[in-house]
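Visitor: quick check, what structure comes out for this input:
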Amino acid sequence: MTTEADFYIANPWRGAGMPGFDPSGVSVNVDAPLALLKLCPAAKVTPLVACPALAKSLDIADLHIKDESQRMNLGSFKALGAAYAIAKQAAAKQHGDDWAHALSGEVFVTSSAGNHGLSVAAGAKLFGAKAVIYLSVHVPEDFANRLRDYGAEVVIAGNSYEESMDAAIARAKTEGWQIMSDTTWPECYTGVDIMEGYLVMASEAFDAMEQTPTHIFLQAGVGGLAAAVAALARDRYGDAPHITVVEPDEAPALQAAIKAGKVVPSGGDVSIMGRLDCKEASEVALAGLAAHADAFMTLNDADCKRLIADLSAEGLAASPSGGAGYAGLKLARDEALFGLDDQSRVLLFLSEGAID
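Guide: Next comes the predicted model:
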């Protein structure tokens, strides 16, 4: 049982959205990324896994988990994001068959806490561009080497994702390069195309579901995955699913913003949920989630590590980041939250494999 006194909140903006934030900025046009991702030879549908044993242990009707751990050989849902955004730019410039040089001379720069950098590097390489990826000092060296294997230049800068992003932005301004960020702020909206790419994952899951889920739990960092899935869920299912956003309690960027009615720094120490350890929400993602999510909850590192152990036993080993949605579900069931009962049909997304 959690010891947090206020680890969850009901969303006060549900339906109407938050004043000053337009939820229509989150696309539900899944046909666009489906068409362009056909250019990637590694693109294929990932499995939606039925988990009857886990459902029984939770005393719910059924549980399905969309397994993104092998997506496009990059190991996470992030493969759908920047790679698609870069492909979209290539399609706008390409007028022949030489896709390998469609973006020759372009340089994409970003900060990454993990898999977004791989997607940028892979997308850039596919279309003849260069990728420069900034990492904080906390990102493991083996990940930096994976980026280098894709031809990316890697720069270590800063003590956090936010500090490394500041360094990436400064470099982009100096060099005239393009920021390819998976978050959004007034000067940068590449995150909108990236979220559109994530719709593919949601669409595949919904198409494979035989019944409408009653509950969806979505882990979040800056909020891109959660916002894309929530928007498409409302488009497909209306108000039927209860949607809960799960964040580390050391980085409750979305919950803090929902409480404040604006984007605010959330603070906090480093979390083991490293891909979710983002201290400030994406503005466009926040706008969508303010309208579409029903609740926001936080999860401490100890609970996350303990609760996701169940996934390994089912052959679905996940990192703390990738399995945080399951941990949130289990914690919510233990605490009798969100109307979960023995008739509930739950959908989760395992956003990356066991690499943390």
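Visitor: and the helices in the chain?
Guide: With DSSP state H, the ranges of helices along the chain come out as 31-37, 52-58, 82-93, 115-126, 141-149, 161-175, 190-208, 224-237, 253-260, 283-292, 301-307, 309-313, 324-334.
Visitor: export only the CA atoms of the longest one, formatted as PDB.
Guide: Provided in PDB are the C-alpha atoms of helix 190-208 (Å, rounded to 0.1, in the frame of the first residue of the first chain):
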ATOM      1  CA  THR A 190       8.000  18.900 -33.700                       C
ATOM      2  CA  GLY A 191       6.400  17.000 -30.900                       C
ATOM      3  CA  VAL A 192       3.000  17.300 -32.700                       C
ATOM      4  CA  ASP A 193       4.200  15.100 -35.600                       C
ATOM      5  CA  ILE A 194       5.900  12.800 -33.200                       C
ATOM      6  CA  MET A 195       2.700  12.200 -31.200                       C
ATOM      7  CA  GLU A 196       0.900  11.600 -34.600                       C
ATOM      8  CA  GLY A 197       3.300   8.700 -35.100                       C
ATOM      9  CA  TYR A 198       2.400   7.200 -31.800                       C
ATOM     10  CA  LEU A 199      -1.200   6.900 -33.000                       C
ATOM     11  CA  VAL A 200      -0.100   3.800 -34.900                       C
ATOM     12  CA  MET A 201       0.500   1.900 -31.600                       C
ATOM     13  CA  ALA A 202      -2.900   2.900 -30.300                       C
ATOM     14  CA  SER A 203      -4.700   2.100 -33.500                       C
ATOM     15  CA  GLU A 204      -3.200  -1.400 -33.700                       C
ATOM     16  CA  ALA A 205      -4.200  -2.100 -30.100                       C
ATOM     17  CA  PHE A 206      -7.800  -0.800 -30.500                       C
ATOM     18  CA  ASP A 207      -8.200  -2.800 -33.800                       C
ATOM     19  CA  ALA A 208      -7.100  -6.000 -32.000                       C
END
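Visitor: and that helix, which residues are buried?
Guide: Going by neighbour count (16 or more other Cβ atoms under 10 Å), the buried part of helix 190-208 is 190-206, 208. From N, CA and C alone the C-beta is placed, and that goes for glycine too.
Visitor: tell me who's in contact with residue 296.
Guide: Neighbour list for residue 296: 8-9, 11, 244-245, 247, 252, 254-255, 258 [criterion: Cβ atoms under 8 Å, 6 or more residues apart in numbering].
Visitor: could you rerun that using 6 Å?
Guide: Shown in contact with residue 296 (Cβ atoms under 6 Å, 6 or more residues apart in numbering): 9, 245, 254-255, 258.
Visitor: likewise for residue 158?
Guide: Shown here is residue 158, whose contacts under the criterion Cβ under 6 Å, 6+ apart are 136, 164, 167.
Visitor: which single one of those is nearest to residue 308?
Guide: Proximity to residue 308 was ranked across those by Cβ to Cβ; first place goes to residue 136, at 23.5 Å.
Visitor: so the closest one makes contact with residue 157?
Guide: No: here residue 136 does not reach residue 157: they are 7.3 Å apart, not a contact under Cβ atoms under 6 Å.
Visitor: which one's more surrounded, the two?
Guide: residue 136 (22 against 17; other Cβ atoms under 10 Å).
Visitor: so what does that one have for phi and psi?
Guide: Main-chain dihedrals, residue 136, degrees, to the nearest 10: phi -80, psi 170.
Visitor: tell me the contacts of it?
Guide: Residues in contact with residue 136 (Cβ under 6 Å, 6+ apart) are 158, 160-161, 164.
Visitor: who wins for most neighbours among those residues?
Guide: Ranked by the number of neighbours (other Cβ under 10 Å), these place residue 161 first, at 28 neighbours.
Visitor: can you pull the contacts of that residue?
Guide: By Cβ under 6 Å, 6+ apart, the contact list for residue 161 reads 111, 113, 136, 278.
Visitor: can you give me the neighbour number for the closest residue to it other than its chain neighbours?
Guide: The spatially closest residue to residue 161, leaving aside those adjacent along the chain, is residue 113, at 4.6 Å (Cβ to Cβ, 6 or more residues apart in numbering). By the criterion of other Cβ under 10 Å, residue 113 has 26 neighbours.
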